[in-house]
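In: Mind folding the following:
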Amino acid sequence: MLAAGAGALSLTLSGCAGAGSIGASDQTVTIAMVSNSQMQDAQQLAAQFEAENPDIDLRFVTLSENQARAKITASTAMGGGEFDVVMISNYETPQWAANGWLTDLSEYARRTEGYDEDDFIPTLRESLSYEGDMYSVPFYGESSFLMYRKDLFEQAGIALSPTPTWDEVAAAAERLDTPDTAGICLRGKPGWGEVLAPLNTVINTFGGRWYDENWNAQLTSPEVVEAVQFYVDLVREHGQPGAATSGFSECATQLAQGRVAMWYDSTSAVSTLEDPASSNVVGKIGYAPAPIRVKDDAGWLYSWSLGIPVGSDNADSAWRFVAWMTSKEYLRTVGETLGWERVPPGSRLSTYEIPEYREAAAAYGPLTLESIESATPEAPTVEPVPYTGVQFLAIPEFQDLGTRVSQQISAAIAGQKTVTEALEQAQEYADVVGATYREDQR
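Out: Now for the predicted structure:
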């Protein structure tokens, strides 16, 4: 979704409207964004913002997910003012706010007529807050659910439970796996926000955890071993080709092109799957809650959000752009201009009251909202843990620790080592981090 160095990054720079032209505006607002479909839509519509704000030029720096995390983290931590707006998440926001790296956006929101901070879905609003104020605001929010080909299930006579179990999913993947269509797509690409995002929800619902209450690493516990072995076996036996290098984008393409029967991943995937311009399976996809084993409410909670680093010299202009891109009006503009299936989901409650959106999102909208509202970042596991977060651990070390562990898991998916070997190495990494917290408790 980190280990890439700044020198290895390939930046895509795109200026909108009159950027770089003669008679340039008073200020240039530089925005660092992740390159996915919703952000591409924002760039497409940004000319409207510049037309309404002729004193501001926008400069976008778009990066792949892993690259964005590394570049944005390094830049914001250094406080150099390279970016005026950064796309971050509910992992970074509270930590960076505590570090003094981010501008308090609630102060801006309260002064902006009609912005309506209280309209954000409460679980997201809380996850992006520090000491009661929001330090980033959601562009879109997501949980996770199971996406499946209704037509293939009907042809095979398979009926999923209203809340499917992972055993049901595995059985369906085996039955639907053919030379032309893989049974399921699951992320295998290294990255704490790639393979570990879905895998952590599997670990949680199988009864596993990264640490016990005293910060003793648990990655070789029977529950974690069972969960990871299940995941690796499922994707190796019935998953997509090249699973060890498949992330969100690759799986989205696989299902949209009709090459897999199921996919467990982000609720935001609907913008690709239900868009006729990018999908061959529009109207053929069914949606079900995140599969479970022991723990219910297994879906994750995540938000791509916009923050303003304290190092920005253009904070007021940056907020004008942030407020535009996260407003109720922007959501309606996307629907009316690009299609209602492309509206960034899961940020504002009012989105789910728009009649056109409710009609377009009838198959997935209510489930998306329910999944986000029922996510349990404060109690992500069956047994007690000293951390919060569903698909990540909300500790600074997780960015590096998660990446290291993810590399071990990807190696197991690729068949380069066994799950036992991967988790033994992962346990060593986790032990080092856990020891620092145990030391702090003394």
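
In: Next one, pLDDT for residue 218 please.
Out: At residue 218, the pLDDT value in this model is 98.

In: just the one 10 residues further on next, same as before
Out: Per-residue pLDDT puts residue 228 at 98.

In: Count the residues that sit near it.
Out: 26 (other CB atoms under 10 Å). (C-beta placed from N, C-alpha, C; glycine too.)

In: dump the residue contacts of it.
Out: Contact analysis of residue 228 by CB atoms under 8 Å, 6 or more residues apart in numbering lists 199, 202, 203, 409, 412, 419, 422, 423.

In: now the second one, what's its secondary structure?
Out: The reference is to residue 202. helix (DSSP: H, G, I helix; E, B strand; the rest coil).

In: Look up how far residue 160 lies from it.
Out: Going from residue 202 to residue 160 by CB to CB, to the nearest Å gives 17 Å.

In: the more surrounded of those two?
Out: Neighbours were tallied for residue 202 and for residue 160 using other CB under 10 Å; the higher tally belongs to residue 202 (24 against 18).

In: ok, the more buried one - contacts?
Out: Applying CB under 8 Å, 6+ apart, the residues near residue 202 are 166, 227, 228, 230, 231, 293, 298.

In: Report the beta-bridge partners for the residue positioned nearest the centre of the chain.
Out: By CA atoms, centre = their mean, the chain has its centre lying nearest to residue 302, at 5.1 Å. Residues in a beta bridge with residue 302, per DSSP bridges, are residue 142.

In: Which of the contacts of residue 202 ranks first by neighbour count?
Out: Scoring these on neighbours with other CB under 10 Å, the highest-scoring entry is residue 298 at 32 neighbours.

In: Let me see the ranges of the strands in the chain.
Out: Secondary structure of the chain, counting by DSSP state E: strands at 12-15, 27-34, 56-63, 85-88, 129-130, 133-134, 137-142, 144-149, 262-266, 285-289, 302-307.

In: Save those strands as TSV, and put in mean pLDDT too.
Out: Shown next, in TSV, are those (pLDDT from 0 to 100):
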stretch	mean pLDDT
strand 12-15	35
strand 27-34	95
strand 56-63	95
strand 85-88	97
strand 129-130	97
strand 133-134	98
strand 137-142	96
strand 144-149	98
strand 262-266	97
strand 285-289	98
strand 302-307	96
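
In: could those strands be laid out in JSON lines, adding distance to residue 377?
Out: Shown next, in JSON lines, are the strands of the chain (distance: least, CB to CB, whole Å):
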{"stretch": "strand 12-15", "distance to residue 377": "32"}
{"stretch": "strand 27-34", "distance to residue 377": "21"}
{"stretch": "strand 56-63", "distance to residue 377": "26"}
{"stretch": "strand 85-88", "distance to residue 377": "16"}
{"stretch": "strand 129-130", "distance to residue 377": "12"}
{"stretch": "strand 133-134", "distance to residue 377": "16"}
{"stretch": "strand 137-142", "distance to residue 377": "12"}
{"stretch": "strand 144-149", "distance to residue 377": "13"}
{"stretch": "strand 262-266", "distance to residue 377": "16"}
{"stretch": "strand 285-289", "distance to residue 377": "17"}
{"stretch": "strand 302-307", "distance to residue 377": "10"}
